[in-house]
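J.: Below are the sequence and a predicted model for it; my questions follow.
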Amino acid sequence: DERDWAFVQNVWDYLETFKKEAFDLEQRVTGIRPKGVQAQAFVNPLGQAMRGGYYPIEYNVTKSAVAYDKQQKKIEQEVFGTNGGTQAMTAKGHLKARASQGLGTPLDLTLPVITNHVFNVVHDLAFREAVLDVAKIIRNNKFRESVEGTYGPGIYRLFMPWLKDVANERQEPMMCINKWAAWARSGSTLMAMGYKLTTMIVQPLGFAQSMAYLGYKYSGAGMKTVFGQMHNLPQLWEQTKEMSEFMANRIDSYDREIRDMSKKLKPHASYFEVVDTFRKYAFHPMGYFQLAVDLPTWWGAYYKGLDQYGGDDVKAIAFADSAVRLTQSGGNVEDLAAVQRGGEIQRLFTMFYSYFSALYNLSTLQFSQIDTSNKPEAMLRAANLALLLFFFPAVVSELVAGRGPDDDEENWEWLAQNLLVYPFQTVVGVR
């Protein structure tokens with residue numbers, strides 16, 4: 001009916017809103033302005049005049065081997081570039097001229113074609129220039145020599161694959177098994193973390209990791225700023241969001257599974273509006289509990305950054321953002337370990353690993369910085385780190401969540417087992 005045709009025209013009009021910015025970006029980067037697809041007006045079966053517009057073409061890879069091979073080559077080119085895999089680039093298929101003829105295979109007529117297109121366009125606009133600049137830094141000989149001389153060639157070789165994953169975050173699943181894995185991961189995330197009280201109440205205990213990284217002085221300063229005057233908390237939150245774009249988006253990006261759920265764009269249907277709303281806000285309660293950790297961490301790190309960088313506000317904010325990422329993990333692709341950035345099958349085996357990835361990196365960093373020349377001080381430092389990084393989450397959080405020893409289990413056995421097993425939660429394949 002008329003509503004369907006109105007929806008069609010609205011989609012065309014919405015996609016048109018990205019055209020100028022996308023073309024300007026292409027011209028800035030390449031010096032060449034793309035030629036857009038010209039809209040063709042027509043009269044629909046209801047007798048209404050339609051302006052027409054651009055719509056992305058995708059082939060149904062499940063119904064054609066030719067379409068599947070073409071899509072695989074497209075993904076490989078977007079991920080690995082055209083120079084033997086030595087460069088990173090964002091997907092920009094929306095800037096290519098329309099071919100004179102297609103593959104002669106069935107088209108993908110599902111609605112995700114729209115949402116995937118919008119995601120790729122926005123991602124290209126947001127990241128392409130930054131990706132190109134970072135790639136120049138990675139290829140710089142001075143940067144390479146500095147990293148290899150300090151950390152070794154192996155660490156340097158991690159940078160370009162990381163940048164490629166940032167540049168091409170979304171790679172749509174090609175096979176049914178990938179779609180099943182995505183469905184299983186989505187459902188498991190909702191069941192394990194959505195509106196779950198026991199998960200919420202243990203979130204604040206994650207501040208122990210912030211204490212291990214910032215020290216008691218700056219951790220205490222952050223706590224005082226956030227909770228010293230509770231009536232000013234809304235204003236403080238607004239101030240934090242104005243100072244840090246990272247923190248402004250934190251509630252939807254503090255965990256990989258939660259971010260993957262929140263970034264999925266789905267058309268609303270009146271029949272499922274209640275379900276959609278339920279799913280949309282399923283992780284917000286836990287997100288607010290997480291903010292009870294992130295906010296004092298951020299402000300404590302901000303104060304530490306001001307002291308470290310001679311009052312430089314920009315550097316202090318950057319340090320505060322990095323402190324939250326390092327101590328509390330992050331769900332954005334640039335924050336993920338390589339093992340977390342694979343396809344849906346790989347992601348299925350690294351579910352709920354964001355926190356433990358952060359724990360692994362933080363504990364490795366902190367223990368490696370212990371000065372062993374002063375043995376008494378080193379032992380005290382190591383004991384303090386063990387208390388904050390392992391004892392608190394392995395024991396105290398379990399007790400707070402009501403998962404203490406069973407009636408027929410000795411307290412010391414439960415304690416020893418938890419302390420022994422917990423560090424292995426950071427190892428993929430063993431956890």
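T.: Sure thing, it's come through.

J.: so where is the protein shaky, pLDDT-wise?
T.: 61-104, 169-178, 183, 186-196, 254-284 (pLDDT under 70).

J.: Any idea which residue is closest to the centre of it?
T.: Nearest to the mean C-alpha position of the chain, by C-alpha atoms, centre = their mean, lies Asn332 at 1.6 Å.

J.: pretty sure that one contacts Arg250?
T.: No - counting by C-beta atoms under 8 Å, Asn332 stays clear of Arg250, with 10.0 Å between them. For the C-beta atoms, the positions are set from N, CA and C on the backbone; glycine is no exception.

J.: State the phi and psi torsions of the residue with the largest distance to the centre of the chain.
T.: The C-alpha centroid of the chain is most remote from Gly47, which lies 46.5 Å away (C-alpha atoms, centre = their mean). Main-chain torsions, Gly47, degrees, to the nearest 10: phi 80, psi 10.

J.: Also Met50?
T.: phi -110, psi 140.

J.: quick one: it and Asp13 touch, right?
T.: No - using C-beta under 8 Å, Met50 is not in contact with Asp13, being 11.0 Å away.

J.: quick one, which of these two is more surrounded?
T.: Of the pair Met50 and Asp13, Met50 is the one with more neighbours under other C-beta atoms under 10 Å, namely 17 against 12.

J.: First-to-last residue distance for stretch 160-180?
T.: One end of stretch 160-180 to the other measures 30 Å (C-alpha to C-alpha, to the nearest Å).

J.: Stretch 338-347 now?
T.: Between the opening and closing residues of stretch 338-347 lies a distance of 11 Å (C-alpha to C-alpha).

J.: Off-centre distance for it?
T.: 12 Å (C-alpha atoms, centre = their mean, to the nearest Å).

J.: residues of it that come out buried?
T.: 340-341, 344, 347 (16 or more other C-beta atoms under 10 Å).

J.: do the same with stretch 345-361
T.: 347-348, 350, 352-361.

J.: picking that back up, just the closest of the buried residues of stretch 338-347 to Asn384, please.
T.: Checking those against Asn384 by C-beta to C-beta gives Gln340 as the nearest, at 28.8 Å.

J.: and that closest one, what does it touch?
T.: Neighbouring residues of Gln340 by C-beta atoms under 8 Å, 6 or more residues apart in numbering: 256, 347, 350, 353-354, 357.

J.: same deal with Ser244?
T.: Counting by C-beta under 8 Å, 6+ apart, Ser244 makes contact with 298, 317, 320-321.

J.: Out of these, which two sit at the greatest distance?
T.: For the contacts of Ser244, the farthest-apart pair by C-beta to C-beta is Trp298 and Ile317; their separation is 9.0 Å.

J.: out of those two, which sits in the more crowded spot?
T.: Using other C-beta under 10 Å as the criterion, Trp298 and Ile317 rank with Trp298 on top: 28 against 21.

J.: Disregarding residues adjacent in the polypeptide, which is nearest to that one?
T.: Excluding the flanking residues, the one nearest Trp298 by C-beta to C-beta, 6 or more residues apart in numbering is Ala320, at 4.7 Å.

J.: mind checking how far that neighbour is from Trp299?
T.: Distance of Ala320 to Trp299, given as C-beta to C-beta, to the nearest Å: 7 Å.

J.: and these two? which has more neighbours close in?
T.: Neighbour count, other C-beta under 10 Å: between Ala320 and Trp299, Ala320 has more, with 27 against 23.

J.: Quick one: distance of the host helix or strand of the more buried one to the chain centre.
T.: When elements are defined using DSSP states H and E, Ala320 is found to belong to helix 313-328. On the basis of C-alpha atoms, centre = their mean, helix 313-328 sits 16 Å off its chain's mean C-alpha point.

J.: what does stretch 423-431 give?
T.: The answer for stretch 423-431 is 21 Å, by C-alpha atoms, centre = their mean.

J.: and the end-to-end length of that stretch?
T.: 9 Å.

J.: Please apply the same query to stretch 339-346.
T.: With C-alpha to C-alpha as the measure, stretch 339-346 spans 8 Å from end to end.

J.: before we move on, the earlier item: so of the buried residues of stretch 345-361, which two are at opposite extremes in space?
T.: Maximum pairwise distance in the buried residues of stretch 345-361, criterion C-beta to C-beta, is 22.1 Å, between Leu348 and Asn361.

J.: Which ones among the buried residues of stretch 338-347 map onto helices?
T.: Within these, residues falling in helices by DSSP state H are 344, 347.

J.: which one among the buried residues of stretch 338-347 gets closest to Ala386?
T.: The closest of the buried residues of stretch 338-347, once distances to Ala386 are taken by C-beta to C-beta, is Gln340, at 25.6 Å.

J.: Against Gln346, how distant is that closest one?
T.: Looking at Gln340 against Gln346, where the rule is C-beta to C-beta, the gap reads 8 Å.

J.: hang on, Thr240 packs against Trp298?
T.: Yes - applying C-beta under 8 Å as the test, Thr240 and Trp298 come out as touching, 6.5 Å apart.

J.: and for the two, which residues touch both?
T.: Met247.

J.: Could you find the closest non-adjacent residue to Arg347?
T.: Take Arg347 and drop its neighbours on the chain: the residue closest to it by C-beta to C-beta, 6+ apart is Arg185, 6.2 Å away.

J.: Could you check which helix or strand contains that neighbour?
T.: helix 176-193.

J.: Farthest-apart pair in the contacts of Gln340, please.
T.: Maximum pairwise distance among those (C-beta to C-beta): 12.7 Å, between Arg347 and Ser357.
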